[in-house]
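1. kindly return the folded structure for what I paste below:
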Amino acid sequence: MMSISNDTAVASMADRILDAAANCVLAYGVDRVTLAEIARRARVSRPTIYRRWPDIRSLLAALLTKRIVGVLDDVPSRGVGREALVGRMVAVAERLRHDEVIMAVLHSAPELAMVYIAERLGTSQQILIDAVAGELKLAQEEGSVRQGDPRQLAAMCLLITQSTIQSAQMVEPILDADALAVELAHSLNGYLRP
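-> Below is the predicted model:
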């Protein structure tokens, strides 16, 4: 049985490795990140990294999950109801849109990002859907969100929000950051309104 201090040390080492990976992504771009450089920056051996992640792709997926879940945790629930939930979703989207690591992956490794955009739900997407579904259920009970399966509604909210994040740079001449947030809120409110 591991002690609490050992659990903390293991978590701290994993964080150190993920932080080193984030630094490498920003310094070199996704395609030029190596496990050797991550290990050097994290001050650990490559086998230490391999014990946690089988390859660079799974390490980068863990990094993205950590960043996305961190943003979700940092943007607290604003109460019960559609407007509070939409406000939180828009705030999370805005934070993700300005996260350097997430945007670096999206723009410099579209093939990696495409897996989670078009092929399958990643861990962070599942976490986001679960969080939104829980808040949607409460908002349905309160009467400010239309009836329907909360997970299905949450999945659609994910699609709307995710596509907004992906395409924001493309429409920036038309929709600056403030206008984008207003229009995203309008879209989500319209979709969820009873």
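2. can you list contacts of the helix or strand hosting Leu153?
-> Assigned by DSSP states H and E, Leu153 falls within helix 150-167. Residues outside helix 150-167 that contact it (CB atoms under 8 Å, 6 or more residues apart in numbering): 89, 92-93, 96-97, 106, 117, 125, 128-130, 132-134, 136-137, 140, 145-146, 180, 184, 187-188, 191-192. Heads up, the C-betas are built off the backbone N, CA and C, glycines and all.
3. give me that answer again for 7 Å
-> 89, 93, 96-97, 106, 117, 125, 128-129, 132-133, 136-137, 140, 180, 184, 187-188, 191-192 (CB atoms under 7 Å, 6 or more residues apart in numbering).
4. how is the chain partitioned into domains?
-> 4-52, 59-192 (automatic domain parsing).
5. next SSE downstream of the lowest-mean-pLDDT helix or strand in the chain?
-> In the chain, the helix or strand scored least confidently by mean pLDDT, DSSP states H and E is helix 110-114, which has a mean of 72. Note on helix 110-114: by DSSP H and E, the next helix or strand toward the C-terminus is helix 123-142.
6. apart from its neighbours in sequence, what residue is nearest the spatially most central residue of the chain?
-> Nearest to the mean C-alpha position of the chain, by CA atoms, centre = their mean, lies Ile68 at 2.6 Å. Closest residue in space to Ile68, ignoring its immediate chain neighbours: Ser124 at 3.9 Å, by CB to CB, 6 or more residues apart in numbering.
7. neighbours of that neighbour, just the number please.
-> Neighbours of Ser124 under the rule other CB atoms under 10 Å: 22.
8. same check, this time on Pro173
-> Pro173 has 7 neighbours, counted by other CB under 10 Å.
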